[in-house]
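no FASTA, just this:
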């Protein structure tokens with residue numbers, strides 16, 4: 001029985017790995033490298049394909065912060081980052097934004113440690129790409145967590161996404177397809 005299933009699984013893996021050998025902004029079908037199991041980002045992406053106006057999607061190219069301020073922009077960018085296996089950057093940035101809204105001192109400390117352990121600590125499950133000095137400064141901030149304890153690390157991650165992932169997103173087939181689909185709905 002296992003022998004019968006092996007070729008099918010290998011074919012799916014070859015498809016995913018074949019897509020990885022290309023830059024994501026030139027990959028013909030970004031869904032080829034996503035896991036077979038449907039996920040929230042992909043569902044949101046498909047939903048927004050039907051709802052997104054051309055004006056909204058076009059404004060995302062104005063600036064990275066405009067993209068981050070729009071819920072469909074965040075969803076599209078998250079789906080794109082998943083194709084690059086770098087969604088931890090956006091997830092960390094969003095966790096920091098949510099963290100800054102914390103009002104309870106008790107919750108602040110526990111949330112700060114959760115974010116640090118999930119994204120910042122060396123060998124964290126979803127470790128973000130930050131330099132040693134920033135990681136150590138953030139570690140020091142964990143001694144007395146405050147609403148600003150992640151500001152330096154969040155700024156570095158924001159800058160990295162803005163200079164690296166965001167331009168690739170704007171050139172990606174995914175973004176260009178969203179634009180053309182929203183334009184076709186208007187015609």
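Sure thing, it's come through. Please read these numbers as outputs of a predicted model, since none were measured by experiment.

For burial, what's the neighbour tally of residue 66?
Residue 66 has 13 neighbours, counted by other Cβ atoms under 10 Å. Yep, even glycine has a C-beta here, placed from its N, CA and C like the rest.

mind checking how far stretch 90-109 is from the chain centre?
A distance of 17 Å separates the centroid of the chain from that of stretch 90-109, by Cα atoms, centre = their mean, to the nearest Å.

How about it, which residues are buried there?
Counting neighbours by 16 or more other Cβ atoms under 10 Å, one finds that the buried residues in stretch 90-109 are 90-93, 95-96, 99, 102, 108.

for stretch 142-159, same thing?
142, 145, 149-150, 152-154, 156-158.

picking that back up, nearest to residue 70, of the buried residues of stretch 90-109?
Nearest to residue 70 among these: residue 90, at 13.4 Å, using Cβ to Cβ.

so how far is the first residue of stretch 134-152 from its last?
Using Cα to Cα, to the nearest Å, the end-to-end distance of stretch 134-152 comes to 7 Å.

Columns distance to residue 168 on top of the buried residues of stretch 90-109, output as CSV?
Below are the buried residues of stretch 90-109 laid out as CSV (distance: Cβ to Cβ, whole Å):
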residue, distance to residue 168
90, 13
91, 18
92, 18
93, 17
95, 23
96, 22
99, 27
102, 32
108, 35
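
got JSON lines for the residues you listed, with distance to residue 55, secondary structure and pLDDT too?
Shown next, in JSON lines, are these (distance: Cβ to Cβ, whole Å; DSSP: H, G, I helix; E, B strand; the rest coil; pLDDT from 0 to 100):
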{"residue": "90", "distance to residue 55": "23", "secondary structure": "helix", "pLDDT": "97"}
{"residue": "91", "distance to residue 55": "28", "secondary structure": "helix", "pLDDT": "98"}
{"residue": "92", "distance to residue 55": "30", "secondary structure": "helix", "pLDDT": "98"}
{"residue": "93", "distance to residue 55": "25", "secondary structure": "helix", "pLDDT": "98"}
{"residue": "95", "distance to residue 55": "30", "secondary structure": "helix", "pLDDT": "98"}
{"residue": "96", "distance to residue 55": "29", "secondary structure": "helix", "pLDDT": "98"}
{"residue": "99", "distance to residue 55": "32", "secondary structure": "helix", "pLDDT": "97"}
{"residue": "102", "distance to residue 55": "34", "secondary structure": "coil", "pLDDT": "95"}
{"residue": "108", "distance to residue 55": "39", "secondary structure": "helix", "pLDDT": "96"}
